[in-house]
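S.K.: Coordinates only, no sequence provided:
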């Protein structure tokens, strides 16, 4: 298994996993909208996506991280918040 940071070019390969993830939580996601969402988040650097692949390069799973949001403070993080000691 290989885990690597995904690029926006990986959005088509990530989309079936993303749609299945949302279906698990009973959230319907149109595949085209899901792919656009992933591509937009990666391009805008709003999210970091890591993709797990098997030895043949087929996708196994993913994690989607939002580094600009701080869940403990429930607000945007970023450099400004860190400079002020938040």
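M.R.: Sure thing, it's come through. Note that this is a predicted model, so its numbers are computed, not measured. Residues are numbered from 1 along each chain as shown.
S.K.: pLDDT at the residue nearest the centre of the chain, what is it?
M.R.: Nearest to the geometric centre of the chain sits residue 64, at 2.9 Å (CA atoms, centre = their mean). pLDDT, residue 64: 91.
S.K.: Identify the bridge partners of it.
M.R.: With DSSP bridges applied, the residues forming beta bridges to residue 64 are residue 49.
S.K.: That one is in contact with residue 42, isn't it?
M.R.: No - taking CB atoms under 8 Å as the contact criterion, residue 64 and residue 42 are not neighbours in contact, 9.5 Å apart. To be clear about C-beta, it is placed using only N, CA and C from the backbone, and glycine gets the same treatment.
S.K.: so what sits against both of the two?
M.R.: Common contact partners of residue 64 and residue 42 (CB atoms under 8 Å, 6 or more residues apart in numbering): 48, 49.
S.K.: before we move on, the earlier item: relative to residue 55, how far out is the residue nearest to the centre of the chain?
M.R.: Residue 64 sits at a distance of 23 Å from residue 55 (criterion: CB to CB, to the nearest Å).
S.K.: for residue 11, same thing?
M.R.: Taken as CB to CB, the spacing of residue 11 relative to residue 55 amounts to 22 Å.
S.K.: Now do the helices in the protein.
M.R.: With DSSP state H as the criterion, the chain has helices at 11-24, 31-43, 78-83.
S.K.: what would those look like in TSV with mean neighbour count?
M.R.: Output for the helices of the chain, formatted as TSV (neighbours: other CB atoms under 10 Å):
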stretch	mean neighbour count
helix 11-24	16
helix 31-43	16
helix 78-83	10
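S.K.: between those helices, which gets nearest to residue 60?
M.R.: Evaluated with CB to CB, the helices of the chain place helix 11-24 nearest to residue 60, the distance being 8.4 Å.
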